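Participant: What shape does this take:
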Amino acid sequence: MAQFQGPRDWGRLLTAMLTPFHADGTVNYEEAAKIAAHLVDEQKNDGLVVSGTTGESPTLSDEEKLSLLTTVLDAVGDRASVVFGAGTYDTKHSIHLAEEAEKRGAHGIMLVNPYYSKPGQAGLYAHFSTIAKQTSLPVMLYNIMPRSAINLETPTLLKLIEDVPNIVAVKEASGSLPQITEVCAKSPAGFRIYSGDDALILPTMAVGGHGLVSVAAHVAGRELKTVIEKSLTDLAAAQKANNRLVDLIKAVFSAPSPTPIKYMLSLNGFDCEDVRLPLVKLDESQKAVVRAAMKPFAHA
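Facilitator: The predicted model follows:
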């Protein structure tokens, strides 16, 4: 069993990074390095989550996932946190990915609710605790009931925090503000609650959240960083900054993610529009919606 080495400050703004592909469907690692540097240096992200669902992880092989991790660590690991999406609906497979990510120098791992199988709260506890105990890396849990078809209930989360020292954060994408509020109110000091929904960053910060794991930060990271930072000191300024992002965030999720954000970032000059089946590219009417929302951020 791995011995936890202590938490790492991942920062307040992390992007769930997309995965660029060549036209033939292979991973474009060179472009991934460029995008990672852009997200950190130009979009002011504190960290990146590699091989999450925004990175189309269900269609990536283990070798591709781990090669992406190495690529991003080489590109920005000296100046940003790099968290690896090790979660699957197979506990044994997730342990393997967590162990391999630790060998390659990941700064943490993210574990999503096991999708499709709906294991119940006892199963969620066993799944997450079993994986976390096999690594010394800090762990972020990812509660996304709309996609996983099961909610990580607050009592289960609190028991995991109490029993497993290296579970240090949660990406809360349940969509339930009452639940997010309860998690913020009842979690111990030092536990970090990240919004997993760009549209809910301001209310999440208002009830005690730590930050955001974002999709929109591919193109509006600086603006989202302003929302987060101003929410701590100047609510009116945070509201003003947040209001500018409403249409953009709506467009980011106007079609199956990450298809819109890949097209958005391609408008800023990156070779990243291609997706892997079962996703398909945006049609022309969908692209028009995205372009309209992107106008204020085209050179972000």
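
Participant: Distance from the chain centre to the helix or strand of the chain with the lowest mean pLDDT, please.
Facilitator: Counting by mean pLDDT, DSSP states H and E, the chain has its least confident helix or strand at helix 145-148, which shows a mean of 80. Relative to the centre of its chain, helix 145-148 is centred 14 Å away, using C-alpha atoms, centre = their mean, to the nearest Å.

Participant: Show me which positions of that helix end up buried.
Facilitator: Using 16 or more other C-beta atoms under 10 Å as the test for burial, helix 145-148 gives 145, 148. Quick note: C-beta positions are derived from backbone N, CA and C, even for glycine.

Participant: which residues sit against it?
Facilitator: 53, 112-116, 151-152, 173-175 (C-beta atoms under 8 Å, 6 or more residues apart in numbering).

Participant: What of stretch 229-242?
Facilitator: By C-beta under 8 Å, 6+ apart, stretch 229-242 touches 12, 201-202, 205-206, 223, 226-227.

Participant: got the CA coordinates for that stretch in CSV?
Facilitator: Presented in CSV, the C-alpha positions along stretch 229-242 are these (Å, rounded to 0.1, in the frame of the first residue of the first chain):
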residue,chain,number,x,y,z
GLU,A,229,-10.1,35.8,-7.6
LYS,A,230,-12.6,38.7,-7.4
SER,A,231,-15.2,36.4,-5.7
LEU,A,232,-12.8,36.4,-2.7
THR,A,233,-12.6,40.2,-2.4
ASP,A,234,-15.1,42.1,-4.6
LEU,A,235,-18.4,40.3,-5.3
ALA,A,236,-19.7,43.1,-7.6
ALA,A,237,-16.6,42.8,-9.8
ALA,A,238,-16.9,39.0,-9.8
GLN,A,239,-20.5,39.3,-10.9
LYS,A,240,-19.5,41.7,-13.7
ALA,A,241,-16.8,39.3,-15.0
ASN,A,242,-19.1,36.3,-14.7
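
Participant: Spatially, and excluding backbone neighbours, which residue is closest to T130.
Facilitator: Residue nearest to T130 in three dimensions, not counting chain neighbours: T91, with 5.6 Å by C-beta to C-beta, 6 or more residues apart in numbering.

Participant: Next, count neighbours for the one you found.
Facilitator: 19 (other C-beta atoms under 10 Å).

Participant: Same question for the one 3 residues further on.
Facilitator: Number of residues near S94 (other C-beta under 10 Å) recorded here: 24.

Participant: wait, doesn't it sit right on F84?
Facilitator: No: using C-beta atoms under 8 Å, S94 is not in contact with F84, being 11.0 Å away.

Participant: Would you list the buried entries among the contacts of helix 145-148?
Facilitator: Using 16+ other C-beta under 10 Å, the buried ones in the contacts of helix 145-148 are 53, 112-115, 151-152, 173-175.
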